[in-house]
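Q: one predicted model, sequence on top.
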Amino acid sequence: MIEQPKQEAFLYEQVASNIADLIRQGTFRPGERVPSVRQLSRQRKISITTVLQAYMLLEEQGLIETRPQSGYYVRSRLAMGLPEPEISTTAPDPTRVSVRELVMMVLEDSTNPGLIQLGAAIPNPELIAAGKLNRILAKLAREAKGEINQYDIPPGNEALRIQIAQHAVEPGCNLTPADVVTTSGCLEAITLSLRAVCHPGDAVAIESPMYFGILQVLESLDLRALEIPTHPRDGISVPALKFAIEHNPIHACLVLSNFNNPLGSCIPDENKQELVELITDHEIPLIEGDVCGELYFSGTRPRVCKAYDHKGLVLLCSSFSKDLVSGYRVGWIVPGRFKATIEWLKYTTNVATASLPQLAIAQFMASGGYDRHLRSIRRIYASFVAQMSQAVMRYFPQGTRVTRPNGGFVLWVQLPDYADSLELYKQALPAGITLAPGYMFSATQQYHNFLRLNAAWWSYEAEKAVRRLGELVAEQEGLTEKHPTS
């Protein structure tokens with residue numbers, strides 16, 4: 001009777017150690033369920049109390065987490081074995097953008113079904129809500145009410161704008177449906193915003209690195225990009241932006257505030273408030289992209305810069321393309337004091353956003369389907385990002401760094417100095433892999449040894465692809481040693 005507690009204590013520690021080893025070796029991966037208490041009790045022929053003690057120890061160690069009425073799961077946390085990239089360094093002067101050819105080449109790869117898609121940041125087609133939305137859309141089409149056959153001229157479909165305004169309460173905004181203008185995706189919202197507040201030749205302060213689609217918009221509008229140092233977790237450096245504003249004629253600032261593409265950075269709330277105060281003091285419009293804001297992995301939905309805007313200078317842009325369905329091309333903008341100009345620009349660009357997709361999304365949101373869908377995909381994407389991060393840690397050579405985003409589905413990887421991401425892109429294609437070279441994410445093409453990886457399509461094949469990429473990076477070191485630069 002006296003020895004039993006000691007033996008039992010040793011046993012639960014041993015069970016915990018065995019499960020921990022299986023987690024570290026990849027048998028149970030982030031986001032996956034570990035054996036239930038009863039199942040492990042039967043398998044190991046041990047008491048339920050022992051299993052519970054073992055799982056409590058694993059929870060304390062941060063390896064697993066409990067989900068009510070579901071069981072125990074490996075925590076969807078990022079591997080801590082690799083350091084993060086350092087805060088970016090940028091050129092001091094505004095630069096004209098010219099990365100068109102490389103961008104179009106990578107986008108063309110994204111339509112190739114024969115390639116493992118680690119390049120374009122496209123959501124997993126198995127995780128979008130297309131089936132449910134298509135059924136709603138088909139029902140609307142069969143009913144053929146008059147409104148679906150009419151132009152939803154700006155500001156757009158009222159039912160959808162009501163839902164967007166209601167949903168904006170969580171990230172800190174008090175909106176009316178009249179504050180919202182619907183668009184054909186987030187990129188159109190950003191494009192309209194830039195057209196509303198800038199003229200050709202103007203300088204726009206942007207985060208660096210920045211999503212290449214936005215760089216393409218700047219290029220198409222003949223705007224100059226002034227890249228601002230950006231932290232891989234906390235986003236744009238407000239002090240650096242303040243210095244830039246004081247030494248350059250800045251006509252607009254553009255940030256992806258929550259889960260930046262490609263960094264995955266999320267500007268802390270206090271920094272968002274400081275950022276809005278800064279642009280307000282200088283009467284500079286702030287264009288805010290929030291297309292991944294709903295894809296947070298833990299805690300609560302991050303606030304948006306717009307929540308701190310009292311002068312109508314923040315133009316909040318978003319869409320349903322990353323978290324719901326990309327093919328519907330439904331986005332929206334809250335343009336503040338620029339609303340009349342935005343509505344006119346929207347009308348003169350393409351008259352209106354398609355009516356049926358707007359109505360289908362509005363009904364899906366009103367039914368609660370959107371919130372249920374988000375709860376499901378957040379867990380999955382958290383698991384995918386963690387698994388890809390761990391794969392990079394296992395397979396990439398020494399000197400690699402990787403971001404630790406708490407939302408979205410992309411990773412920004414800094415390779416050893418000898419590596420070249422464009423060369424890696426060319427080497428990966430014959431291996432059936434596509435990726436996004438770092439060159440694409442800067443107007444100055446400075447990120448030669450960086451790449452962005454899309455974790456949304458994570459699978460066994462994707463893991464093999466990451467392993468092959470790691471081998472190709474290591475091979476570049478050998479080539480560098482054989483052919484050193486003069």
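A: Sure thing, it's come through. Numbers count the residues shown, from 1 in each chain.

Q: now the helices for the stretch 301-450 of the chain?
A: 339-350, 355-366, 369-395, 421-428 (DSSP state H, counting those that start in this stretch).

Q: now for the ones you listed, which one comes closest to residue 212?
A: With distances scored as CB to CB, the stretch of those nearest to residue 212 is helix 421-428 (12.9 Å). Yep, even glycine has a C-beta here, placed from its N, CA and C like the rest.

Q: ok, residues contacting the closest one?
A: Helix 421-428 is contacted from outside by 102, 106, 415, 434-439, 447-451, 468-469, 472-473, 475-476, using CB atoms under 8 Å, 6 or more residues apart in numbering.

Q: just the mean pLDDT for that helix, thanks.
A: On average, the pLDDT along helix 421-428 is 96.

Q: now that helix: buried residues?
A: Buried residues in helix 421-428, counted by 16 or more other CB atoms under 10 Å: 421, 424, 425, 427, 428.

Q: the helices of the stretch 301-450 of the chain: lowest mean pLDDT?
A: helix 369-395 (a mean of 91).

Q: give me the helices and strands touching it, please.
A: strand 401-402, strand 410-414, helix 460-482 (3 or more CB pairs under 8 Å, 6 or more residues apart in numbering; DSSP states H and E).

Q: redo that, cut-off 7 Å
A: Packing contacts for helix 369-395, counted by 3 or more CB pairs under 7 Å, 6 or more residues apart in numbering; DSSP states H and E, involve strand 410-414, helix 460-482.

Q: and residue 341, how many neighbours?
A: Taking other CB atoms under 10 Å as the criterion, the count of residues near residue 341 is 15.

Q: what helix or strand is the closest residue to it other than its chain neighbours on?
A: Nearest residue to residue 341, sequence neighbours excluded (CB to CB, 6 or more residues apart in numbering): residue 196, at 4.5 Å. In this structure, residue 196 sits in helix 186-197 according to DSSP states H and E.

Q: what comes into contact with that helix?
A: 183, 204, 213-214, 217, 221, 223, 251-252, 285, 287, 289, 291, 315, 317-319, 321, 331-333, 335, 338, 341-342, 345-346 (CB atoms under 7 Å, 6 or more residues apart in numbering).

Q: of those residues, keep whichever come out buried.
A: Among the contacts of helix 186-197, the ones that count as buried by 16+ other CB under 10 Å are 183, 204, 213-214, 217, 221, 223, 251-252, 285, 287, 289, 291, 315, 317-319, 321, 331-333, 335, 338, 342, 345-346.

Q: excluding covalently adjacent residues, which one is nearest to the residue nearest the centre of the chain?
A: The residue lying closest to the centre of the chain (CA atoms, centre = their mean) is residue 408, at 2.9 Å. Nearest non-adjacent residue to residue 408, counting by CB to CB, 6+ apart: residue 259, 3.7 Å away.

Q: residue contacts, that neighbour?
A: Taking CB under 7 Å, 6+ apart as the definition, contacts of residue 259 comprise 266, 292, 293, 295, 405, 407, 408.

Q: need those in CSV (columns: distance to residue 29 and pLDDT).
A: Output for the contacts of residue 259, formatted as CSV (distance: CB to CB, whole Å; pLDDT from 0 to 100):
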residue, distance to residue 29, pLDDT
266, 24, 96
292, 23, 97
293, 26, 97
295, 19, 96
405, 18, 93
407, 19, 95
408, 19, 97
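
Q: need the max-distance pair from the residues you listed.
A: 293 and 405 (12.6 Å).

Q: returning to what we had before: pick the most buried one from the helices and strands packed on helix 369-395.
A: Mean neighbour count (mean count of other CB atoms under 10 Å) peaks for strand 410-414 among the helices and strands packed on helix 369-395, with a mean of 25.

Q: which strands or helices does that one pack on?
A: Using 3+ CB pairs under 7 Å, 6+ apart: strand 410-414 touches helix 369-395, strand 401-402, strand 450-454.

Q: can you tell me the SS state at the closest residue to residue 53 other than its chain neighbours?
A: Of all residues not flanking residue 53 in the chain, residue 12 sits nearest, at 3.8 Å (CB to CB, 6+ apart). Of the three states, residue 12 takes helix under DSSP: H, G, I helix; E, B strand; the rest coil.

Q: do you know how far residue 12 is from residue 36?
A: 16 Å (CB to CB, to the nearest Å).

Q: the more surrounded of these two?
A: residue 12 (20 against 14).

Q: now do the buried residues in the helix or strand hosting residue 106.
A: Residue 106 belongs to helix 100-109 when elements are defined using DSSP H and E. If you call a residue buried by 16+ other CB under 10 Å, then helix 100-109 has these buried ones: 102, 103, 106, 107, 109.

Q: can you put the residues you listed in CSV and add distance to residue 187?
A: CSV is the format used below for the buried residues of helix 100-109 (distance: CB to CB, whole Å):
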residue, distance to residue 187
102, 18
103, 13
106, 16
107, 13
109, 19
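
Q: how many neighbours does the closest residue to residue 172 other than its chain neighbours have?
A: The shortest distance from residue 172 to any residue other than its chain neighbours is 3.0 Å, reached at residue 307 (CB to CB, 6+ apart). Residue 307: 19 surrounding residues under other CB under 10 Å.

Q: residue 404 now?
A: If we define neighbours as other CB under 10 Å, then residue 404 has 19 of them.

Q: verify the stated contact: it with residue 85.
A: No. Taking contacts as CB atoms under 7 Å, residue 404 lies outside contact range of residue 85: 10.1 Å.
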